[in-house]
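J.: model the following, please.
(2 chains, ligands or ions: 2)
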Amino acid sequence: MSNETILIDDYVVNINDLNKSFGSNHVLRGIDLHVQRGEVVCIIGPSGSGKSTLLRCINMLEQPSSGNIVVLGRELTHIDCDIDEARTRIGMVFQQFNLFPHMTALENICVAQRKVLRRSKAEAEMKGLQLLARVGLTEKADAYPGQLSGGQQQRVAIARALAMDPDVMLFDEATSALDPELVGDVLNVMKALAEDGMTMLVVTHEMGFASNVATRVVFMDGGVIVEQGPPSQVINAPQEDRTKSFLSSVLNH
Amino acid sequence: MALSKRQRATYARYAIYTLSVLAVAAMALLVDWTRLSNAMFKWEIVKEQFPSILTSAAKNTVVFTILGFAGGLSFGLLFALMRLSSIRPYRWIAATYIEIFRGIPLLVTLLALGFGIPIATGWQWPNPYLQGAIPLSLVASAYMAETIRAGIEAVPKGQMEAARSLGMSYPRAMITIVIPQALRIIVPPLTNEFVLLIKDTSLISVLGVTDATRDLARFGRDGVTDSANATPLIVAGLVYLAMTLPLTQLVAYMERRAKAVGK
Ligand SMILES: Nc1ncnc2c1ncn2[C@@H]1O[C@H](COP(=O)(O)OP(=O)(O)O)[C@@H](O)[C@H]1O
Ligand SMILES: [Mg+2]
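T.: Numbering: from 1, shown residues only, chains lettered A, B, ... in the order given. Ligands and ions are numbered 1, 2, ... in the order given. Have a look, this model is predicted:
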């Protein structure tokens, strides 16, 4: 069955009653989340609350235990879904960058364009150079990841994900592994992407970014969504006690 | 008079030096060098070994080694991937295979497959090279599978995840992203594997060979029989060293370099 035939609706991400357990550890407990095109959803919450697991379920790096996930009309939790095809539409950026160390920055950006999308070398490289310019790293095209700073590596990783022309981008603590002085460059790239209208789900501890860029903030704790809404509400006027105590612990640092 | 620890160590070292020098001197005086060199390194016999020790015997050793290595690498990769598979029966098959062929001496495997199968089935090996090289490669693949598996497991999990998140299938991600990185890790141990294979080919001669398919060890042994002199074996040993020493040096160099570059 092709993915078209199991098209469900117009939401970019549509998650219903998602549960995920690792053995006896029930990590996600009935998540419902619906994200429309152009939204920038920042997911915040204490460590261990299931933010990464939620994000990784959205591109099936983790197999949900139950519930249903529809991304861009493809029902990922359906047995007939072509997950590889769906993943080309879903970009992901990892905390640890995960660049391919045996390839240059440009090769990192080109490899999946060539092998998955079957683009020509010329086309892939042109796209790669455009993206490197967009993340401000034109002069690093031939550098290997080991020769780049963390911030530069993460920007290459963003360009690598964008090279597939995804419709939605997932960021899992993209700046948490960076030295403080390098965080700004990466956040600026993410901000520009949001301003261009990219649909984004961003797990982050950067409250400034969430306040300024998010269209919606989702607060998670203990595997459930405790509270969500515009940043002015969730960050500035939280309703739930758990949200209040989390925010006071991160904002007082 | 009490000696300090360091003085005692110094005297002990001098004593050992002195004894070693005496032992070497005694050997030089007592051994009949002419007789020894006549029996073990007689120049006329050395010359008789050439050129066929190189053009035939060493060539056969190299052919057996390369066939065994190529087969071992292919099957080894296959079994390594099966060991890492999420499909349980694959893991069991690979684990069983690896344990069996690592647990049985090569000599027994050679005899069982080289002789046993023809006797049991009436089928004949089409080619004496394959008769030796296939059992050799089956055993080699069991060792190489473990080496390759360790190399693949040493590649961080995030590499596979990043590749999959870009839409690559599992085999595509393995081939393009994981295995090239694993290869860097496993080239030194695989080179060691190659050196072991060079030496292990010497067992193939138990399968009975013609003059044309004799390997180095058999060539040396036949030479000893023909000449009633140990020289041919010494020469064969030197030819083995000529093949293995550059490789072991290469491994040492690669390991030094890997250490210098760091990780
Ligand atoms: N691969 C895994 N295997 C077992 N447990 C896991 C795995 N990944 C995450 N967990 C567990 O799931 C819980 C939530 O983890 P995670 O989603 O990483 O939280 P967060 O990203 O909010 O810090 C933690 O208790 C963690 O130990
Ligand atoms: Mg996390």
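
J.: how far away is the residue positioned nearest the centre of chain B from B:Thr213?
T.: Ranked by distance to the mean C-alpha position of chain B (CA atoms, centre = their mean), the top residue is B:Leu196 at 0.9 Å. From B:Leu196 over to B:Thr213 the distance is 21 Å, taken as CB to CB, to the nearest Å. Quick note: C-beta positions are derived from backbone N, CA and C, even for glycine.

J.: before we move on, the earlier item: ok, so what distance separates the residue nearest to the centre of chain B from chain A?
T.: From B:Leu196 across to chain A, the span is 28 Å (CB to the nearest CB, to the nearest Å).

J.: ok, that residue to ligand 1 distance?
T.: Going from B:Leu196 to ligand 1 by CB to the nearest ligand atom, to the nearest Å gives 38 Å.

J.: next up, the contacts around that residue.
T.: Contacts for B:Leu196 (CB atoms under 8 Å, 6 or more residues apart in numbering or on different chains) come out as B:Tyr143.

J.: which SS class is it?
T.: helix (DSSP: H, G, I helix; E, B strand; the rest coil).

J.: which pLDDT does the model give it?
T.: Looking at B:Leu196, its pLDDT is 95.

J.: pLDDT score assigned to the closest residue to ligand 1 within chain B?
T.: Nearest residue of chain B to ligand 1 (CB to the nearest ligand atom) works out as B:Lys157 at 9.4 Å. In this prediction, B:Lys157 carries a pLDDT score of 96.

J.: what's the distance between the residue nearest to the centre of chain B and A:Asn14?
T.: Noted for B:Leu196: a distance of 57 Å to A:Asn14, by CB to CB.

J.: now swap in A:Gly128 and tell me
T.: Here A:Gly128 is placed at a distance of 32 Å from A:Asn14 (CB to CB).

J.: and for B:Leu203?
T.: B:Leu203 is 64 Å from A:Asn14, by CB to CB.

J.: and if you look at B:Ala25?
T.: Per CB to CB, B:Ala25 is found 90 Å from A:Asn14.

J.: which one's more surrounded, these two?
T.: Counted by other CB atoms under 10 Å in any protein chain shown, B:Ala25 and A:Asn14 do not tie: A:Asn14 has more neighbours, with 20 against 10.

J.: about what we covered before: ok, now how distant is the residue nearest to the centre of chain B from B:Leu247?
T.: Distance from B:Leu196 to B:Leu247, by CB to CB: 10 Å.

J.: repeat for B:Trp33
T.: Look at B:Trp33 and B:Leu247: by CB to CB, they are 33 Å apart.

J.: quick one, which of these two is more surrounded?
T.: Neighbours around B:Trp33 and B:Leu247, counted as other CB under 10 Å, are more numerous at B:Leu247. The numbers are 14 against 9.

J.: contacting residues for B:Lys42?
T.: B:Lys42 is in contact with B:229, B:231, counting by CB under 8 Å, 6+ apart.

J.: shouldn't A:Phe219 be within a strand?
T.: Yes - with three-state DSSP as the criterion, A:Phe219 is assigned to a strand.

J.: pretty sure A:Glu227 sits against A:Val234.
T.: Yes - contact criterion CB atoms under 8 Å: A:Glu227 and A:Val234 qualify, at 5.8 Å.

J.: compare these two and say which is more crowded by neighbours.
T.: Higher neighbour count among A:Glu227 and A:Val234: A:Val234, with 25 against 20, using other CB under 10 Å.

J.: quick one: the more buried one from A:Leu54, how far?
T.: Look at A:Val234 and A:Leu54: by CB to CB, they are 17 Å apart.

J.: what parts of chain B come near chain A?
T.: Proximity of chain B to chain A, by CB under 8 Å from any CB of the partner chain, involves residues B:156, B:158-159, B:161-169, B:172, B:176-177, B:180-181, B:184.

J.: taking the residues you listed one by one, which sit in helices?
T.: Counted as lying in helices by DSSP state H, out of those, are B:158-159, B:161-165, B:172, B:180-181, B:184.
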